[in-house]
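Asks: predicted model, plus sequence, below.
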Amino acid sequence: MNFLHWARVHWDRVAAVLSAVAGVVALLIGWNGASQTAYPAEQFPYLLSGGLAGLFLFGAGATLWLSADLRDEWGELRGIREELRAANESRTVADGEDTVTVDAADDDDAGDDDDAGDGDTTAVDRLDHEGAVALVTPLVAGQARRA
């Protein structure tokens, strides 16, 4: 993968690094200008232009980097959710069971949208701790039998 393709895919990380580098450069320029004079009145413009702009740019870079990390985590969680849904569907087909549906009016999170949009929610859509344990336990037992 070449750098331009990587930069296009990870545009938010590139923007974060460029913003942080620009912030450091602005801080250094402001410090250099302020260090040239001993009078606080002459240092004040450097503090405003270099210092505040540099801190803002550095903070924006940190925010962009954290946003990129969150986006990566959302992708990982989406993948785990899809794997759990596929495992639940394969277990349902193998065992001949029906998928458990919950009416949206009885659900605590009735305002949330489900993927199908039909009001019924599969057990995988609304996993709580007990549901996750109930779903994963047969999968682990099935892997132990195969091994």
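Replies: Great, that's in hand.

Asks: where along the chain do the strands fall?
Replies: 101-103, 120-122 (DSSP state E).

Asks: sketch out the low-pLDDT regions of this protein for me.
Replies: Applying pLDDT under 70 to the chain flags residues 1, 94-147.

Asks: name the single longest helix found in it.
Replies: Longest among the helix segments of the chain by residue count, using DSSP state H, is helix 53-95.

Asks: what packs against that helix?
Replies: On a contact count with 3 or more Cβ pairs under 8 Å, 6 or more residues apart in numbering; DSSP states H and E, helix 53-95 meets helix 11-35, helix 129-146. Quick note: C-beta positions are derived from backbone N, CA and C, even for glycine.

Asks: can you get me a residue count around the nearest residue to residue 30 once chain neighbours are set aside?
Replies: Leaving aside its chain neighbours, residue 30 sits nearest to residue 50 (1.6 Å; criterion: Cβ to Cβ, 6 or more residues apart in numbering). Using other Cβ atoms under 10 Å, residue 50 has 20 neighbouring residues.

Asks: how many neighbours does the residue lying closest to residue 45 once chain neighbours are set aside have?
Replies: Setting aside the residues directly before and after it, residue 45 is nearest to residue 33 in space (Cβ to Cβ, 6+ apart), at 7.9 Å. The tally of other residues near residue 33 (other Cβ under 10 Å) stands at 17.

Asks: swap in residue 30?
Replies: 22.

Asks: residues contacting it?
Replies: Applying Cβ atoms under 8 Å, 6 or more residues apart in numbering to residue 30 gives the contacts 46, 47, 49, 50, 51, 53, 54.
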